[in-house]
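Trainee: 3D model of this:
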Amino acid sequence: MKPQRLLTLTLLLASALRLAAQGNAADWEEVQALIAPYAGEWSDAAYEGLFTSRVPHTALMGNGDIGVASGGSASSKTFYVSKGDFWAYNGSPVPVGGITIRRRGGAAGGASSLREVQDMLNAEVRTDFVAGDVRLDMRSFVSATDNVFVIAL
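Mentor: The predicted structure follows:
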């Protein structure tokens with residue numbers, strides 16, 4: 001997904017959440033219909049464009065204070081966590097940590113498939129990752145109100 005399109009969808013989602021908070025059900029249904037068809041999708045385990053001084057070319061999650069970028073390799077899945085307090089000199093956020101999920105005992109060969117979808121409506125990233133004989137289905141998101149990152153396996 002192009003960074004400009006992702007930013008536009010993010011702003012649209014923020015407006016939608018504000019409408020939902022105001023309690024206007026008819027408006028919320030209309031916004032849901034607008035947002036639901038849009039999703040970012042990735043299938044390359046190399047995650048080219050993950051580390052950049054611009055918007056990363058990968059699935060992103062965040063709440064305005066913490067941000068999470070999806071990455072990894074052909075044999076592992078990594079989520080890079082950044083905090084709003086840590087920035088590089090050039091004005092880009094810096095990862096302060098990460099969570100890596102890999103097969104116990106080492107790699108089982110390269111990824112035979114990867115499908116990652118950033119669901120804008122539900123504010124989550126769904127990942128289907130197969131490496132060797134191991135299949136990993138995940139759902140991940142950042143809490144909107146607390147600095148909590150959740151990975152459901």
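Trainee: need the contact list for R115.
Mentor: E41, W42, S43, T127, D128 (Cβ atoms under 8 Å, 6 or more residues apart in numbering). All C-beta spots, glycine's among them, are computed from the backbone N, C-alpha and C.
Trainee: which SSE is it in?
Mentor: According to DSSP states H and E, R115 maps onto strand 111-119.
Trainee: for that strand, which strands pair with it and how are they oriented?
Mentor: Listed by DSSP bridges, the sheet partners of strand 111-119 and their directions read strand 39-42 (antiparallel), strand 124-131 (antiparallel).
Trainee: now the angle from the longest strand seen in the chain to strand 111-119?
Mentor: Longest strand in the chain by number of residues, with DSSP state E as the criterion: strand 76-87. Taking axes from the mean of the first three to the mean of the last three Cα atoms, to 10 degrees, strand 76-87 and strand 111-119 form an angle of 40 degrees between their directions.
Trainee: which secondary structure elements does strand 76-87 contact?
Mentor: Counting contacts by 3 or more Cβ pairs under 8 Å, 6 or more residues apart in numbering; DSSP states H and E, strand 76-87 is packed against strand 66-72, strand 93-102, strand 124-131, strand 134-142, strand 149-152.
Trainee: that older thread, give me whichever of the strands paired with strand 111-119 is most buried.
Mentor: Most buried of the strands paired with strand 111-119, by mean neighbour count (mean count of other Cβ atoms under 10 Å): strand 124-131, with a mean of 20.
Trainee: just the angle between it and strand 93-102, please?
Mentor: 50 degrees.
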